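1. Pasting the sequence and the predicted model now:
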Amino acid sequence: MPKINVYLPDDLAEAVKDAGVPVSAVCQRALEQAVRRVTAIRQTALSELSADHLDERLPAFTARTRAVIKLAIDRALADGSANVGTGHLLAGMVAEGGNLALHVLRAVDIDPAQIQRDLERQTGTEEGGAEDDSVHFSTAAAGALELAVTEATGLGHNYVGCEHLLLGLVTEPDGTAGQVLREHGAEARLTRRAVTAALAGYVHLRAQTSAADPAQALATVVQQQLQPLIARIERLEERLGPVPEQR
């Protein structure tokens, strides 16, 4: 049987050893779950898309995330696009209107409405999809969805939410959505930190059900937790000075 080495930080390795955690069994189960999720999204990316069968094909995706994908499919069909691209996924996320990813964007001072306007100005179609008239994900969109699964797994989550999809879109290098998001400052590490803060804030808000404006309270929590990181980035930029223009 082939072996896979798992490297842990020293303090975690000691804690695992002291607690007697069955590392092999834990890793095997986690890897099995990750493989099932990635395989499911790859099969969905390669097959013809139908908004009516997403529940069966993407069971690990939340209902809200599947709603975003359905909106993306509808937009691609309305546009007469050859495939469902990352721009359609991001536009579907904005159109859905109530997902955690939008709270994350607002918390890092990115206006979803401006994102939508920028998407509408984009031209061209992402590569990939089928040669016939059937609807498929573009290569970049399939990659972003796979990255979303990877982000969810890396955060230890047993579901794929809109916040994971946002991270997938930000980190995917070739798609329209990632380009638009990065132009507005949605760098991968900052966005990941914002997602973590937003999830922590969401748990807190669920316990504080009397909040007058939950969306604003959540944004405030995220901004407070991000402020130290933003301050460090600003100090580093001051020390490094302006980046030379590439010619």
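-> Here it is on my side, so go on. Quick caveat: nothing in here was measured; it's all calculated off a predicted structure.
2. Quick check: the gap between residue 91 and residue 106.
-> Separation of residue 91 from residue 106 (C-beta to C-beta, to the nearest Å): 17 Å. From N, CA and C alone the C-beta is placed, and that goes for glycine too.
3. right, I mislabeled it, should have said residue 170
-> Per C-beta to C-beta, residue 170 is found 15 Å from residue 106.
4. quick one, which of residue 91 and residue 106 is more surrounded?
-> residue 91 (24 against 19; other C-beta atoms under 10 Å).
5. Wait, a helix at that one?
-> Yes. Judged by DSSP: H, G, I helix; E, B strand; the rest coil, residue 91 forms part of a helix.
6. Tell me the pLDDT of residue 200.
-> Looking at residue 200, its pLDDT stands at 77.
7. Kindly tell me how buried it is, as a neighbour count.
-> For residue 200, the count of nearby residues is 13 (other C-beta under 10 Å).
8. Tell me where the chain has helices.
-> With DSSP state H as the criterion, the chain has helices at 10-19, 23-46, 54-57, 63-79, 86-96, 100-107, 112-120, 139-154, 162-171, 176-183, 188-207, 214-240.
9. By mean pLDDT, show me the worst of those helices.
-> Of all the helices of the chain, helix 214-240 has the smallest average pLDDT, which comes to a mean of 59.
10. ends of stretch 125-135, how far apart?
-> Length of stretch 125-135, first residue to last, C-alpha to C-alpha, to the nearest Å: 13 Å.
11. nope, stretch 98-115 is what I meant
-> Start and end residues of stretch 98-115 are separated by 15 Å (C-alpha to C-alpha).
12. Pull out the buried positions in it.
-> Buried residues in stretch 98-115, counted by 16 or more other C-beta atoms under 10 Å: 99-108, 110, 112, 115.
13. same deal with stretch 147-160?
-> 147-153, 160.
14. What of stretch 178-193?
-> For stretch 178-193, by 16+ other C-beta under 10 Å, it's 178-182, 186, 190-193.
15. ok, residues contacting that stretch?
-> Outside stretch 178-193, the residues that touch it by C-beta atoms under 8 Å, 6 or more residues apart in numbering are 86-87, 90, 104-105, 108-110, 114-115, 118-119, 122, 140, 144, 151, 166-167, 169-172, 225-226, 229-230, 233.
16. In PDB, could you pull the C-alpha coordinates for that stretch?
-> The C-alpha trace of stretch 178-193 is given here as PDB (Å, rounded to 0.1, in the frame of the first residue of the first chain):
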ATOM      1  CA  GLY A 178     -10.600  37.000 -11.000                       C
ATOM      2  CA  GLN A 179      -9.200  39.800 -13.100                       C
ATOM      3  CA  VAL A 180     -12.100  42.100 -12.100                       C
ATOM      4  CA  LEU A 181     -11.800  41.200  -8.400                       C
ATOM      5  CA  ARG A 182      -8.100  41.600  -8.200                       C
ATOM      6  CA  GLU A 183      -8.300  45.000 -10.000                       C
ATOM      7  CA  HIS A 184     -10.500  46.100  -7.000                       C
ATOM      8  CA  GLY A 185      -7.900  44.800  -4.500                       C
ATOM      9  CA  ALA A 186      -9.300  41.300  -3.700                       C
ATOM     10  CA  GLU A 187      -5.900  39.700  -3.200                       C
ATOM     11  CA  ALA A 188      -6.100  36.000  -2.200                       C
ATOM     12  CA  ARG A 189      -4.600  36.200   1.200                       C
ATOM     13  CA  LEU A 190      -6.600  39.200   2.300                       C
ATOM     14  CA  THR A 191      -9.800  37.700   0.900                       C
ATOM     15  CA  ARG A 192      -9.100  34.400   2.700                       C
ATOM     16  CA  ARG A 193      -8.600  36.300   6.000                       C
END
